[in-house]
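Visitor: okay, sequence plus prediction incoming.
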Amino acid sequence: MAELKIQKIWNYSYEDYCASGSFQSDAQRKASRAILDCKSGRLGMNISKCPDCGHIQLHNNSCRNRSCPNCQSLDKEIWVDKRREEVIDTPYFHVVFTLPHELNPLLYCNQKLLYGFFHKCCADTLLELSANQKYLGATPGIIQVLHTWNQELGYHVHMHCIISGGGLTPSRHIRTAGSHFFIPVKVLRDKFKGKFLAGLQEFYQDGCLGFSASCGKLRNSFHWSEFRSSLYAKDWCPYIKETFNGFGNAIEYLGRYTHKVAISNSRILSVDEQQVTFLARGRKPGGPPRTLTLNHTEFIRRYLMHVLPPGFQKIRYYGFLNNRWKSKNLRLIFTLQGRQRFRRRYAGLSTAELLKTVWGIDIHVCPQCGCCRMHNIGRTYGVP
């Protein structure tokens, strides 16, 4: 329990945060309850006993909430392992799309609508330009992951995309790019900006957007027009973050992002009854790391901003990885390329076997006598 630093913050101050009158969505309340209960015993536990020395070991259940930083490691390893067998023999590229901060109030009060639209605009931009004979002339595979935070837990909406440097042509052949990203950044920028702002205008005209107090003036058509003009004038520059020659570790690299939450326990340096101090990267690449200190209620407020709407899929697949046609497309690609480069390593493993394989944790070894025959003798269930 000493390692669950996030939980300490909630134990100290979540009741005070609720008493302050700060608005919380149902999803935010659910995430907070999960953080409070995770590995506390309130969700039940599994009980193991050593037949040699009689030692009893209790394993408290995790909450498995996707907003809880204590529960993502196992899911991440399984996800990365599944993606390995979907890798084709081409370069891979990491592209990041970021929305201007001027959009933040509008995004926050229209999360499900605009986060989903953001996914669509990124994918449509990459797919349309990739289909152009000037660039790739084929349909690549794309994995996209939405993030909404920066290192200070501020609201910073951006999309991580891993895109294959090769794909299927309309005639169902393979075409592969070179080792450099095949779409000019300026072309990528202009296409994405045009798509997003055109769609935003349609939402406005159709009355689909909600407006909070912080962006209430945008209900007025004159202010809305000024707002759109200012967004068109901004430089929406996508960022080509990494290039992976061949597979490299592209999918494992993306695994750092897929199951990440706003902050991990490892970044939290200290927690006392009033404040939390955590580590952040330097303001510039290669710059020295920084430490930030916030009071608990401000930390909780920032953290809860990044709880996604219920049912929202933050990881999505496009191109030849589209869920409907993925199996058929991959079979064809592997046939054309003559091989499947990677296979899953953890398929069929139980949770206990996975823990031993990945982290070297053997739950069958008694911590008291070293016997390797610890066995489960029962479980308790949490109270709903």
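Guide: That came in fine, so what should we check first?
Visitor: quick one: the strands in the protein?
Guide: Assigned by DSSP state E, the strands in the chain fall at 44-49, 56-60, 92-98, 139-149, 155-168, 174-176, 239-244, 268-271, 275-280, 290-295, 315-319, 375-381.
Visitor: so for Phe182, which of those sits nearest?
Guide: Nearest of the strands of the chain to Phe182, taken as CB to CB: strand 155-168 at 6.6 Å. Every C-beta, even on glycine, is put in place using the N, C-alpha and C of the backbone.
Visitor: columns distance to Glu128 and mean neighbour count on top of the strands of the chain, output as CSV?
Guide: Below are the strands of the chain laid out as CSV (distance: least, CB to CB, whole Å; neighbours: other CB atoms under 10 Å):
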stretch, distance to Glu128, mean neighbour count
strand 44-49, 49, 16
strand 56-60, 49, 14
strand 92-98, 14, 21
strand 139-149, 10, 22
strand 155-168, 13, 23
strand 174-176, 16, 17
strand 239-244, 18, 16
strand 268-271, 42, 16
strand 275-280, 36, 18
strand 290-295, 39, 14
strand 315-319, 11, 20
strand 375-381, 51, 11
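Visitor: now tabulate those in TSV and tack on distance to Ser25 and mean pLDDT.
Guide: Shown next, in TSV, are those (distance: least, CB to CB, whole Å; pLDDT from 0 to 100):
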stretch	distance to Ser25	mean pLDDT
strand 44-49	26	91
strand 56-60	27	89
strand 92-98	24	93
strand 139-149	14	96
strand 155-168	15	94
strand 174-176	45	94
strand 239-244	30	77
strand 268-271	24	94
strand 275-280	23	95
strand 290-295	21	96
strand 315-319	21	97
strand 375-381	28	84
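Visitor: want to throw the ones you listed into TSV with distance to Lys191?
Guide: Output for the strands of the chain, formatted as TSV (distance: least, CB to CB, whole Å):
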stretch	distance to Lys191
strand 44-49	51
strand 56-60	49
strand 92-98	11
strand 139-149	15
strand 155-168	14
strand 174-176	20
strand 239-244	15
strand 268-271	40
strand 275-280	33
strand 290-295	35
strand 315-319	15
strand 375-381	52
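Visitor: the ones you listed: which one's closest to Leu308?
Guide: Closest among the strands of the chain, once you apply CB to CB, is strand 139-149, at 7.8 Å.
Visitor: what's the offset of the closest one from the middle of its chain?
Guide: Counting by CA atoms, centre = their mean, to the nearest Å, strand 139-149 is centred 9 Å from the centre of its parent chain.
Visitor: adjacent strands (with direction) for that strand?
Guide: Sheet pairing here is set by DSSP bridges, and for strand 139-149 it gives strand 155-168 (antiparallel), strand 315-319 (antiparallel).
Visitor: Ser62: which of those is closest?
Guide: Taking CB to CB, strand 315-319 is the member of the strands paired with strand 139-149 nearest to Ser62, at 20.0 Å.
Visitor: contact partners of that closest one?
Guide: Under the contact criterion CB atoms under 8 Å, 6 or more residues apart in numbering, strand 315-319 has outside partners 79, 119, 123, 126-127, 130, 139-146, 163-164, 167, 258, 323, 326.
Visitor: and the contacts of stretch 59-73?
Guide: Stretch 59-73 is contacted by residues 4, 6-7, 30-31, 34-35, 37-41, 43-48, 259-261, 263-265, 306-308, 363, 382 when judged by CB under 8 Å, 6+ apart.
Visitor: run a quick neighbour tally on the closest residue to Leu4 other than its chain neighbours.
Guide: Of all residues not flanking Leu4 in the chain, Asn70 sits nearest, at 5.8 Å (CB to CB, 6 or more residues apart in numbering). Neighbour count for Asn70, taken as other CB atoms under 10 Å: 21.
Visitor: what number of residues lie near Glu86?
Guide: Neighbours around Glu86, by other CB under 10 Å: 22.
Visitor: do you know how far it is from Gly194?
Guide: 31 Å (CB to CB, to the nearest Å).
Visitor: repeat for Lys120
Guide: Distance, Lys120 to Gly194, by CB to CB: 14 Å.
Visitor: could you do Tyr232 as well?
Guide: Taking CB to CB as the measure, Tyr232 falls 9 Å from Gly194.
Visitor: lowest average confidence, helix or strand, in this structure?
Guide: helix 250-258 (a mean of 74; mean pLDDT, DSSP states H and E).
Visitor: from the chain's centroid, how far away is it?
Guide: 9 Å.
Visitor: export only the CA atoms of that helix, formatted as PDB.
Guide: Extracted in PDB, the C-alpha atoms of helix 250-258 (Å, rounded to 0.1, in the frame of the first residue of the first chain):
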ATOM      1  CA  ALA A 250       7.400   0.800 -32.600                       C
ATOM      2  CA  ILE A 251       4.400  -1.000 -31.000                       C
ATOM      3  CA  GLU A 252       6.200  -1.400 -27.600                       C
ATOM      4  CA  TYR A 253       7.000   2.300 -27.900                       C
ATOM      5  CA  LEU A 254       3.300   3.100 -28.400                       C
ATOM      6  CA  GLY A 255       2.600   0.900 -25.500                       C
ATOM      7  CA  ARG A 256       4.000   3.700 -23.300                       C
ATOM      8  CA  TYR A 257       1.100   5.800 -24.400                       C
ATOM      9  CA  THR A 258      -1.900   3.400 -24.800                       C
END
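Visitor: buried sites along that helix?
Guide: Neighbour-count burial for helix 250-258 flags 250-251, 253-255, 257-258 (criterion: 16 or more other CB atoms under 10 Å).
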